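J.: Sequence and predicted model, in that order:
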Number of protein chains: 4
Amino acid sequence: MPETLAGYEPAAAAVLPAAVRDFVAGGSGAELTLHRNRAALDAITVTPRILGAVDQPKTTTKLLRTPCALPLAVAPMAYQKLLHPEGELLLAAAAAAAGVPYVISTLSSTPLEKIAAAAPSWFQLYWLRDRNLVGALIDRATEAGCHALMVTVDVPIMGQRLRDVRNGFALPPEVIAANLVDKYTEAHKTPGTGSAIAAHTALAFDPAFSWRDLEWIRRRTDLPLVLKGILDPRDALTALDAGADGLVVSNHGGRQFDGAPAAIDALSSVIDAVGNEMTVLLDSGIRSGADIVKALARGAHGVLVGRPLLWALALGVPADALTTLGRELRDAMLLAGCADLTAVADLITGRD
Amino acid sequence: MPETLAGYEPAAAAVLPAAVRDFVAGGSGAELTLHRNRAALDAITVTPRILGAVDQPKTTTKLLRTPCALPLAVAPMAYQKLLHPEGELLLAAAAAAAGVPYVISTLSSTPLEKIAAAAPSWFQLYWLRDRNLVGALIDRATEAGCHALMVTVDVPIMGQRLRDVRNGFALPPEVIAANLVDKYTEAHKTPGTGSAIAAHTALAFDPAFSWRDLEWIRRRTDLPLVLKGILDPRDALTALDAGADGLVVSNHGGRQFDGAPAAIDALSSVIDAVGNEMTVLLDSGIRSGADIVKALARGAHGVLVGRPLLWALALGVPADALTTLGRELRDAMLLAGCADLTAVADLITGRD
Amino acid sequence: MPETLAGYEPAAAAVLPAAVRDFVAGGSGAELTLHRNRAALDAITVTPRILGAVDQPKTTTKLLRTPCALPLAVAPMAYQKLLHPEGELLLAAAAAAAGVPYVISTLSSTPLEKIAAAAPSWFQLYWLRDRNLVGALIDRATEAGCHALMVTVDVPIMGQRLRDVRNGFALPPEVIAANLVDKYTEAHKTPGTGSAIAAHTALAFDPAFSWRDLEWIRRRTDLPLVLKGILDPRDALTALDAGADGLVVSNHGGRQFDGAPAAIDALSSVIDAVGNEMTVLLDSGIRSGADIVKALARGAHGVLVGRPLLWALALGVPADALTTLGRELRDAMLLAGCADLTAVADLITGRD
Amino acid sequence: MPETLAGYEPAAAAVLPAAVRDFVAGGSGAELTLHRNRAALDAITVTPRILGAVDQPKTTTKLLRTPCALPLAVAPMAYQKLLHPEGELLLAAAAAAAGVPYVISTLSSTPLEKIAAAAPSWFQLYWLRDRNLVGALIDRATEAGCHALMVTVDVPIMGQRLRDVRNGFALPPEVIAANLVDKYTEAHKTPGTGSAIAAHTALAFDPAFSWRDLEWIRRRTDLPLVLKGILDPRDALTALDAGADGLVVSNHGGRQFDGAPAAIDALSSVIDAVGNEMTVLLDSGIRSGADIVKALARGAHGVLVGRPLLWALALGVPADALTTLGRELRDAMLLAGCADLTAVADLITGRD
Ligand SMILES: Cc1cc2nc3c(=O)[nH]c(=O)nc-3n(C[C@H](O)[C@H](O)[C@H](O)COP(=O)(O)O)c2cc1C
Ligand SMILES: Cc1cc2nc3c(=O)[nH]c(=O)nc-3n(C[C@H](O)[C@H](O)[C@H](O)COP(=O)(O)O)c2cc1C
Ligand SMILES: Cc1cc2nc3c(=O)[nH]c(=O)nc-3n(C[C@H](O)[C@H](O)[C@H](O)COP(=O)(O)O)c2cc1C
Ligand SMILES: Cc1cc2nc3c(=O)[nH]c(=O)nc-3n(C[C@H](O)[C@H](O)[C@H](O)COP(=O)(O)O)c2cc1C
């Protein structure tokens, strides 16, 4: 078993088909933003404190009214049956066991109701061409007891993932978009001419998603509303005005606009704009407890963790990965002299 | 077929003679500026916007009164028959098909009139020792219907291109400077003692080109006048005073003064000086739609694209390359939430 | 014999078992801070002076009232019998010969009294779960004639040293924590399930170490008191208020919080806060006389030298290493035009 | 024949004994400063100008009252017979042919009178333990018609050149310090125990060189006096007060204090302090005409060129190297739009 959260990637890479590994690991374009995410997190320094009388650091918090044992949620990630036959259910169970929210993707390969029944969940919404389908998804998520609605705003189209294009990546027949209907369920085009995933996105998603549409969503649900994929502070302010409760500062793990800044570098200006009035989460590149400390010391209230949990899922042990991450976070807090997350937020940060 | 504009270089490298590849790819001196162009563009970040209701991003603009389907022109590049028997005509046809201006080089291997007949063109002028030849070229370009005159100001002599010197690079007999006359048409010296191209430049070009000469040009033509190869804002202001309509912020793709800043790094101070009063284009290192977004977000009104189109020409498919670039630009605009080029100009940029 | 202090590492690596080498060389986590320590010292520039009429640079100083022939002390390092059968005694004798204090580790593999008898020493204290043991150690150190008490404040738990975890590193039977008692003396768990050193630390150390505990220590001893492992200037000020006489700005050689800044980069803000009122030492990455000059030019009053002396100990020649370091320092001072350490402190520094 | 000045190094490396190559190429310590010199020059950008009506750029200047065809002098370098049997005489003749001053080293392997007879020269003075010898050298240099006295102030002792130490480098019998007398002429100790060059320096040079000694020199000669090896602006001001006419901002090519800033990075603060009142030269890393442009654009009045001319001497063609450098400078000036050195000084510079 890997000793670190970061260790799951090489371990999983050894057992996964190359095209699946590429689909998960890859970014868009020249992967500049993908690499920038890690380079920026590696370059950030956090100055530890001493003599904090910390014995058992307190990692609990509330994110969007959901109590969390750790300041994180499992990032919404499509098609988890690609990694493991039990797919979403296994990862959601791990999240539940770890006491953190699981974010169900619009494109989950298991029906959202089954997942929501297995774990405290938030629901991630993509803006689809079929407006009725969007409405129905919101209703189903509410019905199923999801605690928040996370609207992804950085996928008007899919970023060009060259690995998938070159691999002619398509889903195997048994993996479908289980929450959708009819033609929208399948991304199974025979390989050979580009990414079937990209084709499916182009078919199903409405690029013309607008602030007016968001207001429509806001009116349609009482769930806490969080926008995923914000980097510009001007958009953060508009989101606040539009009634959003939270934001995820994210570049989608380097999978959308290649050229975007590292999420961690975009964080400060968003925090300055809305940090006191909204829940601000961060994702894109979080790979360790120390990374969470960096994000929180820079002002985030919590993080989403993506790929590392898919790697752990591929190995059938997502719960171990979350346990490891929890331990890494507690160790980092101890070593940084932080009794709780407020103390983490007070740490001085720098950059190489 | 390469999936990206950048992909044409390796594809063409596989089919071209090494000396031709070097002639196109190379820079001057230690190639510091050549590499800096790419490093700078890679290091620039652009922060995408969201929920812009963008469905079909509008990429059209006017550059120097010429309507353009994309905010770019094909950079003037000499001797295109080196790459393909049809040379300039094939690339110009691709430009016409893509709806962008083709800039005819003084050193085109096809007579300018034939090219201008095939595509909406601008004419690029070098300052030759033979003043009558210069005057005649301006007249011919005007006559032929060129829509702008682009005067290249960064080639008093040719930068020392060591690859060409070491390769003893010379043109094959069938490739000539078709717009020139007599001894000026040939750069065919037998290889072995340096670059025949450099020798030809030394023979034909007048290094003592001055602002007074430029005024002479300005008086001689009513065409929009753009100076290509400006990096210092003081020169930009003088150019404005001299009646120029536009500038190309350029280091000639790293082929002239080795030690010059990356063009993209020199852009801001030029924009600050004259950006409201002149058309400011940028070239040197543009390799993707995202690069165009970077240049425009930093203040350029458009770009020139150079080498990638020669690589595509070598493969006989320049139209495909421009199609790919157009798609990349639209994708980048969609992903950055930009409905049009004004929105692009408003994006926040940073630098690693 | 290596010509430089830095040369002892490769020389020792050639003769040591890999797991011991890893134990000494390694850092915690991804070893970001370990590498940052060196990168930062390499990047710092010091501007030499001229015509200082320096013949024999004076390297003497007083650190915490202890006269020192060089502005340094031997860093406290556990279990030195791992490197050489004579362990602490051989290195302490070298320190005595060089005229610099030797800092006895709480975890020395030789009883502190034997070491203190062999060399002018300071005693390094870890905060143990067994408060009586702590009190006894302070008394024994005082009794044995130690000249200062250095309380290490950056080890609430041991940082995760992955090399040791992967090596299943444990001490050989003959190496024990000679100052401790009963179960606390042994870190000999059979290898295979993680680091026995880490397990021992978890067993023996009290993570809940607090400023109140420090006050208790302050009251219990009249020895000069120095806190080792401070990076945040706010903690430096609290330490001053708590009656500490000195600080070691240190990230424990990159072995504790991975993500901490380079010690040399954290130095200035600590100096600004308390530099006039406390003795401020620096460790983490010092490998040469020039490094000492850098630290002093940035404001430190002296340094601790760690690993290089263990490498020399492994070769049986720690005295040679200190002689070499002394020569390197004098050479660096001569070349920088500094007659004494005050002149060094006045040098201008920069950073690449 | 190499096409560039920089090309002489690899060409010479192929024909020289490894130990001689190392002696010339090497720096002190970890060679941080050696590499920094080049990294800094490579990172500096210079923004070219346009339309300067430059045909034949004027490279002439006066340095310390000596008319120079190029803004440079040949750096003083010891023992040139190591590279070529004719040694100093061949390189001095090349300097004379190129119209630039040759700086005779105190440690020349040819008597200074013979060199001064062959070329317009300056004399470089080391401060020797034997004061009479120093006085005699000044008298001889004056007598021989040297036009300036360059006092090297950065060699109280020799920096530790590890390559020489490891090679046990010693001079071959036929190479001697021809200007010195008795035991001071020889650096021929049998190899095997360190650098014989370093031993010779330690024997002959007086580290206790002081400002008072410099005043003694100032009084003893009417020649223009230039201090070589200044980096700190405070020393520059003292030098001005002491009656020096010029300075060489230099870290001795990375051969003395390892940790010093790149000379080009130290230049600006020296220029700010004394640039209007003294002749400020720069050396350490100049390898091309573009490097000279960088130095002058940053404020230097001229440069010294060192190692590249030794490499050319080894190949027997120092005149070619200076011709190449002159051409590179003229080309760089043409490409940067500079008619003369005043225009170069006015160029905008930056740094990556
Ligand atoms: C395989 C994969 C599938 C993803 N699917 C979705 C998705 O369906 N919805 C969504 O909002 N984000 C999706 N993301 C983005 C993640 O939610 C998250 O933003 C990103 O992975 C965070 O970066 P990290 O993987 O570096 O932690 C996906 C990411 C990956 C790697
Ligand atoms: C093979 C080649 C030939 C060129 N010929 C000309 C020319 O005739 N006139 C001119 O103004 N610029 C010429 N250029 C420079 C381009 O117009 C342009 O400034 C440069 O290539 C832009 O950089 P890029 O290639 O990185 O896009 C040439 C460039 C290349 C690579
Ligand atoms: C093998 C080893 C054992 C150490 N043991 C202790 C210790 O017992 N107490 C302590 O305060 N620091 C200990 N340290 C940390 C050193 O005192 C010092 O902070 C660190 O090594 C300085 O960095 P350097 O090795 O890069 O010089 C140890 C370091 C090493 C490498
Ligand atoms: C082999 C060698 C011998 C040198 N001898 C002397 C010398 O005798 N006197 C002196 O002032 N500098 C001496 N220098 C330093 C040069 O004058 C000059 O400062 C340095 O080489 C400049 O850097 P560059 O070689 O990178 O151009 C020597 C340098 C070299 C490489």
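T.: Noted; the coordinates are in hand. Ligands and ions are numbered 1, 2, ... in the order given.
J.: from here on, contacts and neighbour counts on C-alpha atoms
T.: OK.
J.: So which elements touch the one helix or strand A:Asp320 maps to?
T.: Per DSSP states H and E: A:Asp320 is located in helix A:318-335. Secondary-structure packing of helix A:318-335 (3 or more CA pairs under 8 Å, 6 or more residues apart in numbering or on different chains; DSSP states H and E): helix A:88-98, helix A:289-297, helix A:307-314.
J.: now check the helix or strand that the longest one is followed by, is it near ligand 1?
T.: Towards the C-terminus, the helix or strand next in line after helix A:88-98, according to DSSP H and E, is strand A:102-104. No - against ligand 1, strand A:102-104 shows no contacts by CA under 6 Å from any ligand atom, the least distance being 8.1 Å.
J.: do stretch A:280-288 as well
T.: Yes - against ligand 1, stretch A:280-288 shows contacts by CA under 6 Å from any ligand atom at A:283-286.
J.: Just the buried subset of those, written out for PyMOL, thanks.
T.: The PyMOL command for the buried members of the residues of stretch A:280-288 next to ligand 1 (criterion: 16 or more other CA atoms under 10 Å in any protein chain shown) is given here:
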select buried, chain A and resi 283+284+285+286
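J.: Tabulate the helices and strands packed on helix A:318-335 in a markdown table, adding columns for distance to ligand 2, mean pLDDT and mean neighbour count.
T.: Converted to a markdown table, the helices and strands packed on helix A:318-335 look like this (distance: least, CA to the nearest ligand atom, whole Å; pLDDT from 0 to 100; neighbours: other CA atoms under 10 Å in any protein chain shown):
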| stretch | distance to ligand 2 | mean pLDDT | mean neighbour count |
| --- | --- | --- | --- |
| helix A:88-98 | 47 | 98 | 23 |
| helix A:289-297 | 38 | 98 | 26 |
| helix A:307-314 | 36 | 98 | 26 |
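J.: could I get the ones you listed as TSV with distance to chain B?
T.: Below are those laid out as TSV (distance: least, CA to the nearest CA, whole Å):
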stretch	distance to chain B
helix A:88-98	28
helix A:289-297	18
helix A:307-314	21
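J.: Would you format the ones you listed as a markdown table with distance to ligand 4 included?
T.: Listed next are these as a markdown table, based on distance: least, CA to the nearest ligand atom, whole Å:
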| stretch | distance to ligand 4 |
| --- | --- |
| helix A:88-98 | 60 |
| helix A:289-297 | 42 |
| helix A:307-314 | 49 |
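J.: Out of those, which gets nearest to D:Pro76?
T.: Closest approach to D:Pro76 among the helices and strands packed on helix A:318-335 (CA to CA): helix A:289-297, 52.5 Å.
J.: what lines up beside the next helix or strand after the closest one in the sheet?
T.: For helix A:289-297, the following helix or strand on the C-terminal side (DSSP H and E) is strand A:302-305. Sheet pairing here is set by DSSP bridges, and for strand A:302-305 it gives strand A:72-74 (parallel), strand A:279-282 (parallel).
J.: okay if I get those as TSV plus mean pLDDT and distance to C:Leu214?
T.: Formatted as TSV, those follow (pLDDT from 0 to 100; distance: least, CA to CA, whole Å):
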stretch	mean pLDDT	distance to C:Leu214
strand A:72-74	98	35
strand A:279-282	98	37
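J.: In a markdown table, list those along with mean neighbour count and distance to ligand 3.
T.: As requested, these are exported to a markdown table (neighbours: other CA atoms under 10 Å in any protein chain shown; distance: least, CA to the nearest ligand atom, whole Å):
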| stretch | mean neighbour count | distance to ligand 3 |
| --- | --- | --- |
| strand A:72-74 | 25 | 33 |
| strand A:279-282 | 26 | 34 |
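J.: Including distance to B:Arg140, could these go into a markdown table?
T.: Shown next, in a markdown table, are these (distance: least, CA to CA, whole Å):
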| stretch | distance to B:Arg140 |
| --- | --- |
| strand A:72-74 | 67 |
| strand A:279-282 | 60 |
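J.: And those: which comes nearest C:Lys183?
T.: strand A:72-74 (38.9 Å).
J.: Is the closest one positioned near ligand 1?
T.: No - remark: strand A:72-74 sits outside contact range of ligand 1, by CA under 6 Å from any ligand atom, the gap being at least 8.1 Å.
J.: residue ranges with poor pLDDT in the stretch 151-300 of chain A?
T.: A:190-192 (pLDDT under 70).
J.: do that again at 90, thanks
T.: A:181-194, A:196-199, A:202-203, A:275 (pLDDT under 90).
J.: Would you map the helices across it?
T.: A:162-167, A:196-204, A:211-220, A:233-241, A:263-274, A:289-297 (DSSP state H, counting those that start in this stretch).
J.: So for stretch A:112-123, mean pLDDT?
T.: For stretch A:112-123, mean pLDDT rounds to 97.
J.: Take the helices and strands packed on helix A:318-335 and lay them out in CSV including distance to A:Ala266.
T.: Shown next, in CSV, are those (distance: least, CA to CA, whole Å):
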stretch, distance to A:Ala266
helix A:88-98, 27
helix A:289-297, 11
helix A:307-314, 20
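J.: Which positions in chain A make contact with chain B?
T.: By CA under 8 Å from any CA of the partner chain, the part of chain A that sits against chain B consists of A:32, A:153-157, A:159, A:162, A:207-211, A:230-232, A:235, A:256-261.
J.: which ones among these are found in strands?
T.: Residues of the residues of chain A next to chain B located in strands (DSSP state E): A:Ile230.
J.: Would you mind pulling the contact partners of stretch A:322-333?
T.: With CA atoms under 8 Å, 6 or more residues apart in numbering or on different chains as the test, stretch A:322-333 has contacts from A:3-5, A:56-59, A:70, A:94-95, A:98, A:288-290, A:292-293, A:309, A:339-340, A:344, C:157, C:159, C:257.
J.: How much space separates A:Asp235 from A:Gln124?
T.: 19 Å (CA to CA, to the nearest Å).
J.: Dump the C-alpha coordinates for stretch A:227-238 into PDB.
T.: Extracted C-alpha coordinates of stretch A:227-238, given in PDB (Å, rounded to 0.1, in the frame of the first residue of the first chain):
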ATOM      1  CA  LEU A 227     -19.900  27.400  -8.700                       C
ATOM      2  CA  LYS A 228     -17.000  25.200  -9.700                       C
ATOM      3  CA  GLY A 229     -14.300  26.600 -12.000                       C
ATOM      4  CA  ILE A 230     -13.900  30.300 -11.100                       C
ATOM      5  CA  LEU A 231     -10.500  32.000 -11.400                       C
ATOM      6  CA  ASP A 232     -11.300  35.700 -12.100                       C
ATOM      7  CA  PRO A 233     -12.200  37.800  -9.100                       C
ATOM      8  CA  ARG A 234     -14.700  39.800 -11.200                       C
ATOM      9  CA  ASP A 235     -16.600  36.600 -11.800                       C
ATOM     10  CA  ALA A 236     -16.400  35.800  -8.100                       C
ATOM     11  CA  LEU A 237     -18.200  39.000  -7.300                       C
ATOM     12  CA  THR A 238     -20.800  38.400  -9.900                       C
END
